[in-house]
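Q: predicted coordinates and the sequence they were generated for:
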Amino acid sequence: MFNKIKHSILKLFRNDIYHRISHKYYLYNYNSRDLPRLDPFKIEHVKLDNVTEITRREWVNEFPLGQIKDGEWDQTKKMQMWKNIGNKDKKKYYSQNHMGVEIKDTLFFQGCYEHFNEGVPWHETEYWNTAAELIQNGNPIHNNITTIEGLQADCHKTDSLYQSIQTEGYRLQQELTNKSFLDARLHEVGLDIGRDGKLLFRSGQHRLFVAKCLGLETIPVVFHTRHEQWMDYRKLFHQNDKKSNHPDLRNMC
């Protein structure tokens, strides 16, 4: 028993050292045009009540962390996330799942809330009915699920995630898996930041929606894309030596 406990402690210690060193390594090699220096790999805790909208920025094939983009993507009410998705059938799911810019209006979040907070079986939720119909018509849904069995497995996986967070608390990816530093960061809940500092949901819907259903106050996140005007404000904020509780203005490098 002692050796087993010792092995677990050493494994956790080595994992922590690995991620600390990796963070410094990638930050050293990251070329940012932001002053003060921008840490694209940082993890910050955000209040879930402040994450209510979905980003409207379109998906692009690029490394997601530490991006800076101008444009109207943070204010438009038109969803553009799936604009560059080549699979027309997959677009049908995203256009039906995202009925507006609010997280509460997505079918998957509504399905999670009905299931976890109101006790409705998955197969009786509107989310299940819509997703199953799309699949049966040959349209894949999130995570490239193309079968009813896959949909059922995803729901079971969401149940397991709910039970895990409920009993063990919300934990970082680096604490849960043996993923590489970058892979662990990319599997955290990801947010964009609009020009006025608004936090916009980008990725990790299962973990975010489950956390909301559980009524958690805060969770750790990474930041994907920041609006260029927010970066201008960020520089002025730092130059004036101000203080703020905004998660992207705390612990500035």
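A: That came in fine, so what should we check first?

Q: the residue nearest to the spatial centre of the chain and residue 72, how far apart?
A: Geometric centre of the chain, nearest residue: residue 189, 2.4 Å, by CA atoms, centre = their mean. Taking CB to CB, to the nearest Å as the criterion, residue 189 is separated from residue 72 by 24 Å. Bear in mind the C-beta positions are built from the backbone N, C-alpha and C, glycine included.

Q: please apply the same query to residue 198.
A: 13 Å.

Q: neighbour count for the two, which is higher?
A: Higher neighbour count among residue 198 and residue 72: residue 198, with 18 against 12, using other CB atoms under 10 Å.

Q: go through stretch 230-244 and flag the buried ones.
A: Across stretch 230-244, burial judged by 16 or more other CB atoms under 10 Å covers 230, 231, 234, 237, 238.

Q: where in the protein is pLDDT low?
A: Residue ranges of the chain with pLDDT under 70: 1-16, 19, 26-37, 60-61, 79-100, 252-253.

Q: which stretches of it form strands?
A: Here the chain has its strands, by DSSP state E, at 44-47, 51-54, 67-69, 190-193, 199-203, 218-227.

Q: closest to residue 162 out of these?
A: Minimum separation from residue 162 across those (CB to CB) falls at strand 218-227, 13.8 Å.

Q: returning to that earlier point: reformat the buried residues of stretch 230-244 as JSON lines; add distance to residue 246.
A: Formatted as JSON lines, the buried residues of stretch 230-244 follow (distance: CB to CB, whole Å):
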{"residue": "230", "distance to residue 246": "10"}
{"residue": "231", "distance to residue 246": "13"}
{"residue": "234", "distance to residue 246": "9"}
{"residue": "237", "distance to residue 246": "9"}
{"residue": "238", "distance to residue 246": "12"}
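
Q: sorry, back to before: quick one: closest of the strands of the chain to residue 163.
A: Here strand 218-227 is closest among the strands of the chain (CB to CB), at 16.7 Å.

Q: for the closest one, packing partners?
A: The elements that strand 218-227 packs onto, with contact taken as 3 or more CB pairs under 8 Å, 6 or more residues apart in numbering; DSSP states H and E, are strand 44-47, strand 67-69, strand 190-193, strand 199-203, helix 205-214.

Q: and the second one, how far out from the chain's middle?
A: A distance of 17 Å separates the C-alpha centroid of strand 67-69 from that of its chain, computed with CA atoms, centre = their mean, to the nearest Å.

Q: and it, what's buried?
A: Buried, per 16+ other CB under 10 Å, within strand 67-69: residue 68.

Q: my read: residue 197 touches residue 230, true?
A: Yes: under the criterion of CB atoms under 8 Å, residue 197 makes contact with residue 230 at 6.2 Å.

Q: identify the contacts common to these two.
A: Listed as contacting both residue 197 and residue 230 by CB atoms under 8 Å, 6 or more residues apart in numbering are residue 248.

Q: roughly how far apart are residue 231 and residue 225?
A: Look at residue 231 and residue 225: by CB to CB, they are 11 Å apart.

Q: list the residues that contact both of the two?
A: Counting by CB under 8 Å, 6+ apart, the residues touching both residue 231 and residue 225 are residue 68.

Q: now do the end-to-end distance for stretch 205-225.
A: Counting by CA to CA, to the nearest Å, you get 17 Å between the two ends of stretch 205-225.

Q: excluding its backbone neighbours, what's nearest residue 54?
A: residue 201 (5.0 Å; CB to CB, 6 or more residues apart in numbering).

Q: tell me, how many residues neighbour the one you found?
A: Around residue 201 there are 23 residues (other CB under 10 Å).

Q: so what pairs up with it in the strands?
A: residue 54, residue 191 (DSSP bridges).

Q: that one and residue 50 touch, don't they?
A: No: with contact defined as CB under 8 Å, residue 201 does not reach residue 50; the gap is 10.8 Å.
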